[in-house]
Structure formats: structure tokens, C-alpha cells
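Colleague: coordinates for the following, if possible.
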Amino acid sequence: MAQKDNSDIGQMPFERAIEELESIVKRLEEGKVPLEESVAIYERGEALKRRCEDLLRQAEARVEKITLDAAGKPTGSEPLDVE
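Modeller: Predicted coordinates for the structure are as follows:
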């Protein structure tokens with residue numbers, strides 16, 4: 001894997017970010033990466049992890065709970081209480 005800067009991560013979709021993060025974890029677990037490259041890909045992995053967390057938080061914020069009236073008919077929605 002060529003060393004990359006992290007400027008592309010901010011626009012990366014979740015699926016691509018998690019795929020690359022999994023690849024980095026696998027490479028680090030194998031232990032066959034030189035120290036300098038290990039540090040660089042670890043830092044990229046941290047940035048990818050933050051990107052995934054941000055995207056998940058955004059998705060959670062968009063999830064809404066459908067509210068029903070006494071007859072069971074939908075009346076609207078309200079934010080989902082995630083706690």
C-alpha cells in the first residue's frame with residue numbers, strides 16, 4: 001500500500017472507509033510491515049475510524065421513530081431516543 005495522506009478520508013463513504021480500515025488492521029496484525037510504514041498506516045487507520053464514527057453518528061441522528069395515534073395510524077415522527 002502506497003503511503004497516502006489523509007485528505008481523501010473526509011469525503012470517503014462509510015463502506016469504503018471501513019473496508020480500508022479492516023485492511024489496515026489485518027496488515028498490522030500480520031506484523032510484516034516495517035516500523036515506519038506501520039506508524040503511517042496506523043495514523044491513517046485512526047483517521048478512518050474517526051470518519052466511520054462520524055458517519056454512524058450522522059446516520060443515528062437521521063433515524064426517526066414513527067409516532068402512532070390511538071388507532072395505530074402514523075401521525076408523524078420524532079427523533080429516536082438512542083439512549
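
Colleague: am I right that S77 is in contact with T67?
Modeller: Yes: S77 lies in contact with T67 (C-beta atoms under 8 Å); the separation is 6.2 Å. C-beta coordinates here come from the backbone N, C-alpha and C atoms, glycine included.

Colleague: ok, now which ones touch T67?
Modeller: Shown in contact with T67 (C-beta atoms under 8 Å, 6 or more residues apart in numbering): 74-78.

Colleague: mind putting these into TSV with neighbour count, distance to I41 and secondary structure?
Modeller: Formatted as TSV, those follow (neighbours: other C-beta atoms under 10 Å; distance: C-beta to C-beta, whole Å; DSSP: H, G, I helix; E, B strand; the rest coil):
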residue	neighbour count	distance to I41	secondary structure
P74	9	48	strand
T75	11	50	strand
G76	10	47	strand
S77	11	42	strand
E78	10	42	strand
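
Colleague: nearest to E22, of these?
Modeller: Closest to E22 out of those is S77 (33.8 Å), distances taken as C-beta to C-beta.

Colleague: for E29, see how far away the closest one is.
Modeller: 42 Å (C-beta to C-beta, to the nearest Å).

Colleague: of all residues in the protein, which one is nearest the centre?
Modeller: Against the mean C-alpha coordinate of the chain, by C-alpha atoms, centre = their mean, the closest residue is C52 at 1.2 Å.

Colleague: can you list the buried residues in whatever helix or strand that one lives in?
Modeller: Per DSSP states H and E, C52 falls inside helix 35-62. Going by neighbour count (16 or more other C-beta atoms under 10 Å), the buried part of helix 35-62 is 40-41, 44-45, 47-48, 51-52, 55.

Colleague: ok, stretch 19-36 next?
Modeller: 20-21, 24, 27, 33.

Colleague: what's the closest non-adjacent residue to D69?
Modeller: Once flanking residues are discounted, D69 sits nearest to T75: 4.8 Å by C-beta to C-beta, 6 or more residues apart in numbering.
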